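Q: One predicted model, sequence on top.
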Amino acid sequence: MQTCAQVDTTGLAYIQTRLHPAQKPLVYQTTTAAFTAVQIGRCEALVLDVPIVALQKKSKPGAYGPVAGQIVTHEQYGAVLAKHSKLTPMVSTAIRALTKNGTIAKLQRKWFNLNFAKIPTIK
């Protein structure tokens with residue numbers, strides 16, 4: 001299987017360190033180039049952040065196959081605030097609460113048309 005990824009991403013690192021494919025992965029400078037490679041059949045599997053994949057799949061539903069799974073990277077995401085902002089503790093609390101009460105999952109389904117919790121984790 002021909003894999004591909006964007007340069008300098010955890011997806012590329014995962015392919016190289018965990019999958020060890022027989023064929024060297026194709027590496028692209030941009031997400032657009034990587035998605036084009038999948039669409040034209042140059043590569044069969046793209047390893048990239050789930051939100052980016054979901055958004056692309058939503059914008060071009062017939063252009064790609066299924067989202068096969070997600071890998072555990074232990075990356076964390078957050079909001080960007082001014083350095084030493086007094087809002088940081090409040091924003092962090094709000095994000096935790098929105099995650100716990102299911103609002104984040106609802107927003108993911110609405111905006112990405114995908115329930116991230118139902119995407120299998122690849123180990």
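A: Arrived safely.
Q: Do a quick rundown of the helices in this protein.
A: Using DSSP state H, the helices of the chain run over residues 10-14, 31-39, 50-59, 88-100, 103-112.
Q: Point out where this structure drops to low pLDDT.
A: Along the chain, the model assigns pLDDT under 70 to residues 76-78.
Q: Please identify the residue most distant from the middle of it.
A: Most distant from the centre of the chain: residue 86, at 30.3 Å, with distances by C-alpha atoms, centre = their mean.
Q: sorry, back to before: out of the helices of the chain, flag the one nearest residue 123.
A: Of all the helices of the chain, helix 10-14 sits nearest to residue 123, with 11.5 Å by C-beta to C-beta. Where C-beta positions appear, they are placed from N, C-alpha and C, glycine not excepted.
Q: helices or strands next to the closest one in the packing?
A: Packing partners of helix 10-14 (3 or more C-beta pairs under 8 Å, 6 or more residues apart in numbering; DSSP states H and E): strand 3-6, strand 70-71.
Q: what's the spacing between residue 59 and residue 17?
A: Residue 59 sits at a distance of 30 Å from residue 17 (criterion: C-beta to C-beta, to the nearest Å).
Q: typo on my end, it should be residue 3
A: Residue 3 is 13 Å from residue 17, by C-beta to C-beta.
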